Every structure is written in C-alpha cells, then in structure tokens.
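Asks: Next input, structure requested:
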Amino acid sequence: MNEEKKKIIKALLERNILLSPDMIKEEMDLDELLALMEGKADEDTITILSKEFKNILQTNKKENVNWEELEKSKVMFEKHNEGRVYNKFIDSLNSVAQKEQEEEKDEQNSVKVVTSYHEEPKQRDVQDFVALFNNRYKLIEKLMKSRPELENLTSISRIKKKREKEKSSIIGMILDKQTTKNGNLLFVIEDLTDTMPILVSKNKPELFNEARNVVLDEIIGITGVNGDNILFVNNIIWPETQQKEYKKQEEEEYCMFLSDMHVGSKLFLEENFNKFLQWLNLELGDEKQKDIVKKMKYIFVMGDLIDGCGVYPGQESELAMLDVEEQYNKCAELLSKIPQHIKIILSPGNHDALSIAEPQPIFYKDFAKAIWELKNVTIVSNPALVNIGRTKTFQGFDVLIYHGYSFDYYVANVDSIREQGGYDRADLIMKFLLKRRHLAPSYTSTPYIPDNKTDPLFIEKEPDFFVTGHIHKTAVSNYKGITLISGSCWQSKTPFQEKVGHHPEPCRVPLVNLKTREVKILKF
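Replies: Predicted coordinates for the structure are as follows:
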C-alpha cells in the first residue's frame, strides 16, 4: 500500500470512517470521499464504507439513509446468512436511485404544462358571461392598482358625486366608442360601481393617436379631470407587460415552431413537409445543420394540424380527405417520423375537430386517437402555457401558446395594425395583445366559452416566448424581453386567402437557439 493511500485511510479514520478491503483496492480521492460521506458519519459510531455503499451514496442524492441499521443488516447477512432485511434495504435504495435518475433525466429535457384549459361540458347561461367579465375586470384591476401613474384611484360612482374639478384616476371596461362632431373621441367606460363618458381631445395628438387603438371591452386605466358627468382624459394606462429578464440557458439546445399544417387539404404541401422530416432525420443539410438537429429538443405546432371538415361553406371541394379521423391519422403518421428524442408540443386551432370557441380543449381522442398514441407528444389546450428546459440550475422558459383566431378582428378594427401591414405583421397584433394582457380583449373578436371562475384568455404570467399561428405568415420580434414568434404554414394559398388579400409564406420554420435566443427562419 502506497503512502498516499495510508494518509487517506488515516484521515477518514479520524472522522470515524473505516474503509472495507474492497474500497482499499480502489483508486481513492480524499476530497471526493469526504464530500460523499458528508452528514452520513456519526461522531460516536464507526461507519464502514464499502464499494457497495459508495455506489448507493453516488446514486442516492435525496434519500436519507439509516446507515447504522444498514450496517447491522449487512452484518446479519454476512455472519448468519440472514439477508431478508439487508436485501429490502438494497432494493429500496436502488428503487429510489432509479427514480432520482429518471427525475433528473426528465428535468434535463422537460416539458411541464403550467396551464392547459379543461372543464367538463355543461350548459351555460347569461350569468356565466356576467361572471366572466367580472372575473376579467378583477384580474386586470389587481394588476393595475399598484401602478404609480394611477394616483388618486377611485370609482366612477365617487367621481360622479364630485362637484369640484379634481384630478382622478379610474380603472374600467370600454362599453362604447365614437367620434364626436368636433372630431374628439368619446368613450363610455364601466367599473363595478357605475358607467360614465370620458373624452379624449384631438388637441392632444399623442394621446389621441393612442386612444384610436382602444377597442371595445378592453380594460384600461384613465387619469383625468372630472367635469359635469364626464371625465376629460389626460392619460391612458394599459395593463401592459412589464420588462422581463432576457433568460438564456447554459446548454446549446434548439427549438422549432410550426403551425397550420392543414393535413387533408388538397393544398397541403406534403412534399415540402417530407423535406422537413428528412432534414430532421439527418438525410439533408450540411454538417453545421446536422449538428443543430442533434441538439434539437422541442418542436411546437400551434394549431390547425388538419384542414377539418365543414369549417366553411364549400370546403369539401378543397379536401383530399373527407374524414377528420383519416386526416389525424395521416398527421400522426407524419409526426411519427420526427426523431423520438425531440419532444413535440401540440395545441389545436380553429380548423381542428373540436369546438371553435376559446379556450379550445385538448384534441378529442374520438377523432385524434393516433395523435394521442405518439410517445414523444405533449397535448395542450388553446391557449396554454408550457415550461421547457427546466433544470436544477435553470428555471426554464415559459412559452405562451395561442393559435390566433382573434387576430382577424384586430387587423380589421385597429387602425395602427391595419395601416402598418395588417396580416403581414403578426408581431404588431401580438404586441397589441400583450399590452392589454389578454388574448381576445374584445368580446366579438373570438367565440368564448364563458368560465364563471376565471378568464382563461387573460395573460396572467408574462411569458418568455409568445408563439402563434393562424395567419400563415412567419414573423419574429421582441417585446420587453419576450420573444414573439408567428409560425408559417404547410398549405399553399387558398381561394379565400386570394379573395381577401392574404399573402401566405408556407414552409418557413423559426428555429431558436435557446442558449443565445437567436432566431433563424429555415425555408423548406
């Protein structure tokens, strides 16, 4: 035995740790052994460290092991051939070790569903809609109450009782919007106490231009001066997303965002999608691209997996498959070709075979059984919040998924979005919604399922990524530390899109490096 080993044995013995003969034969590192035995050795009892116990310590990081009892059971086994208790110890520890290893593996490549809507079908009535709007008001009011801009915050009923002109602030929902004969903007706003008109003067051009973008049913904060049963507006405060930390993970991993596959349509670009699948399976691309694919961890598909049936009049003439189950089977067949190490997150859209009202539930197993059978798939509602990439040292990225059915309304009704590109600027729509902390602030922008407990389309948690689809055109932007991504599509231009002037750009896939947050658009 060399001098170095003798020093190690002596140092351990001073700490009441005795090495078994099989450990003495091994290569030893004092610091490693001391770290391994930290908190395990008793000052009054000699602890025997064998190779077997060392392996248990290395694999059991969370389990609090009763080493004294374990050693007694081993003595009984070796001296009296009584192994029942000892074997139970070992089986239990191995089970814990296996569980810990699986948990650690999951953490390294995790998909955690933070919110996904699910509620049993039930009959709805007017009171459910009343509760929905009350809940939305309370959620947004809670966000805004602490804003320093809303000093002297009060209720509409109290303002209406004032006789002197005073500066006041209120939070309310927009009931009506019109332009006066003088060209000013006149709104009717409501809180839980009353309603009143508010006026934005055209002589305040910056404020006036902002106010032009106010839509019905959204909830805003107002500061101004009261008049005779009216409030003259000095400032508008939106619920607004606050600046986020621009998180990056340590490891170089990649994520891709797809949308609007429309499998089953005659216009589905299957050849291009197969080219994408070949690229994922390392059959296409240069060495640099293949290295990226090997580090690919997640693929999101944000709705409209299939083209559906009866979505609009005359759709049958545009379908290659007339049965939605057949369409989902074909879609599952294509998705099954994505390498198994890549986790796929799927959410529905307005063409999928379920209720069009939002929030849309997860895919029905009656129609989409083949999708559910894919092993590397996580299925969520529309909208949903999913966390990816969480590890012991990194909290992961929160990804807000919304297909985008409400987008059509805001392109048509918000001047600033329409004037700056409309359907070609999904990023403007997404910023508009983040500013209002709601995915469909105007009631008529999308069909609602009225939830009487909360408002599932309220953006409660500020995400790291906000990802959408629906408009068949890729857009990438950044807003206050949030990466905005609109997916492309896998369908060529439809007659409807031709008629309304859409300009789809199919077969483009946003690729994100999660280490740098850099986004590239790949064309297939």
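Asks: May I have the residues that are in contact with Leu280?
Replies: 293, 296, 337-339, 342 (CB atoms under 8 Å, 6 or more residues apart in numbering). To be clear about C-beta, it is placed using only N, CA and C from the backbone, and glycine gets the same treatment.
Asks: Pull out the buried residues from these.
Replies: 293, 296, 338, 342 (16 or more other CB atoms under 10 Å).
Asks: Just these: which are in helices?
Replies: Val293 (DSSP state H).
Asks: Let's have the buried ones among the contacts of Leu280 in CSV, adding distance to Leu277.
Replies: Listed next are those as CSV, based on distance: CB to CB, whole Å:
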residue, distance to Leu277
Val293, 11
Met296, 13
Ile338, 7
Ile342, 11
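Asks: among the buried ones among the contacts of Leu280, which two are most distant?
Replies: Val293 and Ile338 (10.6 Å; CB to CB).
Asks: burial measure for the nearest residue to Leu319 once chain neighbours are set aside, as a count.
Replies: In this structure, Leu319 finds its nearest non-sequential neighbour in Gly264, 5.8 Å apart by CB to CB, 6 or more residues apart in numbering. Look at Gly264: counted by other CB atoms under 10 Å, it has 25 neighbours.
Asks: Does Gly264 touch Ile306 like I think?
Replies: Yes: if you go by CB atoms under 8 Å, Gly264 and Ile306 touch, sitting 5.0 Å apart.
Asks: what touches both of the two?
Replies: Taking CB under 8 Å, 6+ apart as the criterion, Gly264 and Ile306 both touch 324, 327.
Asks: Give me the distance between Ile17 and Leu30.
Replies: 11 Å (CB to CB, to the nearest Å).
Asks: Phi, psi for Gly172 please.
Replies: For Gly172, the backbone dihedrals (degrees, to the nearest 10) come out as phi -160, psi 170.
Asks: Count residues in the vicinity of it, would you?
Replies: Counted with other CB under 10 Å, the neighbours of Gly172 add up to 26.
Asks: so who does it touch?
Replies: 156, 189-191, 219-220, 222.
Asks: Show me what it is bridged to.
Replies: On the basis of DSSP bridges, Gly172 is bridged to Ile220.
Asks: Could you do the one 4 residues further on as well?
Replies: With DSSP bridges applied, Asp176 shows beta-bridge pairing to Val188.
Asks: can you count the residues close to it?
Replies: When neighbours are counted by other CB under 10 Å, Asp176 registers 12.
Asks: Tabulate the contacts of Leu280 in CSV, adding columns for pLDDT and distance to Ile459.
Replies: Listed next are those as CSV, based on pLDDT from 0 to 100; distance: CB to CB, whole Å:
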residue, pLDDT, distance to Ile459
Val293, 96, 33
Met296, 97, 28
Lys337, 97, 34
Ile338, 97, 29
Pro339, 96, 33
Ile342, 96, 28
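Asks: could those residues go into JSON lines alongside distance to Leu514?
Replies: Converted to JSON lines, the contacts of Leu280 look like this (distance: CB to CB, whole Å):
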{"residue": "Val293", "distance to Leu514": "14"}
{"residue": "Met296", "distance to Leu514": "10"}
{"residue": "Lys337", "distance to Leu514": "23"}
{"residue": "Ile338", "distance to Leu514": "18"}
{"residue": "Pro339", "distance to Leu514": "18"}
{"residue": "Ile342", "distance to Leu514": "13"}
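Asks: Which ones among those lie within strands?
Replies: Among the contacts of Leu280, the members found in strands (DSSP state E) are Met296.
Asks: which residues touch the residue nearest to Val114 when sequence neighbours are not counted?
Replies: In space, and not counting its chain neighbours, Val114 is closest to Leu385: 4.2 Å by CB to CB, 6+ apart. Counting by CB under 8 Å, 6+ apart, Leu385 makes contact with 113-116, 398-401, 461, 463.
Asks: And the residues you listed, which of them are buried?
Replies: Neighbour-count burial (16+ other CB under 10 Å) applied to the contacts of Leu385 gives 114-116, 398-401, 463.
Asks: Helix, strand, or coil at the residue nearest to Val114?
Replies: Classification of Leu385 by DSSP: H, G, I helix; E, B strand; the rest coil places it in strand.
Asks: Kindly report the same for Glu271.
Replies: Under three-state DSSP, Glu271 comes out as helix.
Asks: Going along the chain, name the helices of the stretch 251-400 of the chain.
Replies: Using DSSP state H, counting those that start in this stretch, the helices of the stretch 251-400 of the chain run over 270-280, 287-294, 324-335, 365-372.
Asks: Between those, which one is closest to Tyr479.
Replies: helix 287-294 (26.0 Å).
Asks: now the angle between helix 270-280 and the closest one, please.
Replies: Inter-element angle recorded for helix 287-294 and helix 270-280: 90 degrees (by axes from the mean of the first three to the mean of the last three CA atoms, to 10 degrees).
Asks: ok, and what's touching helix 287-294?
Replies: Outside helix 287-294, the residues that touch it by CB under 8 Å, 6+ apart are 254, 279-280, 282, 285, 339, 511.
Asks: where does this structure have low pLDDT?
Replies: When residues are selected by pLDDT under 70, those of the chain lie in 1, 22, 25, 36-109.
Asks: who touches the residue nearest to the spatial centre of it in this structure?
Replies: Centrality entry for the chain: nearest residue to the mean C-alpha point is Val399, 2.6 Å, by CA atoms, centre = their mean. Each residue near Val399 by CB under 8 Å, 6+ apart is listed here: 300, 345, 385-388, 463-465, 467.
Asks: quick one: stretch 418-425 to chain centroid distance?
Replies: On the basis of CA atoms, centre = their mean, to the nearest Å, stretch 418-425 is displaced by 25 Å from the centre of the chain it belongs to.
Asks: Could I get the buried residue list for that stretch?
Replies: For stretch 418-425, burial by neighbour count (16+ other CB under 10 Å) applies to 422-423, 425.
Asks: any idea which of the residues you listed is closest to Ser488?
Replies: Looking across the buried residues of stretch 418-425 and measuring by CB to CB, the closest to Ser488 is Tyr423, at 13.1 Å.
Asks: Look at Lys244 and give its secondary structure.
Replies: Using three-state DSSP as the criterion, the local structure at Lys244 reads coil.
Asks: Roughly how far does it sit from Ile236?
Replies: In terms of CB to CB, Lys244 sits 23 Å off from Ile236.
Asks: These two: who's more crowded?
Replies: Ile236 (19 against 15).
Asks: which ones are touching the more buried one?
Replies: Contact analysis of Ile236 by CB under 8 Å, 6+ apart lists 200, 207, 210-211, 214, 220-222.
Asks: Now go through the residues you listed and say which are in helices.
Replies: Among the contacts of Ile236, the members that lie in helices (by DSSP H) are 207, 210-211.
Asks: Switch those residues over to JSON lines; also include neighbour count and distance to Glu164.
Replies: Below are those laid out as JSON lines (neighbours: other CB atoms under 10 Å; distance: CB to CB, whole Å):
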{"residue": "Leu207", "neighbour count": "17", "distance to Glu164": "24"}
{"residue": "Glu210", "neighbour count": "15", "distance to Glu164": "28"}
{"residue": "Ala211", "neighbour count": "21", "distance to Glu164": "26"}
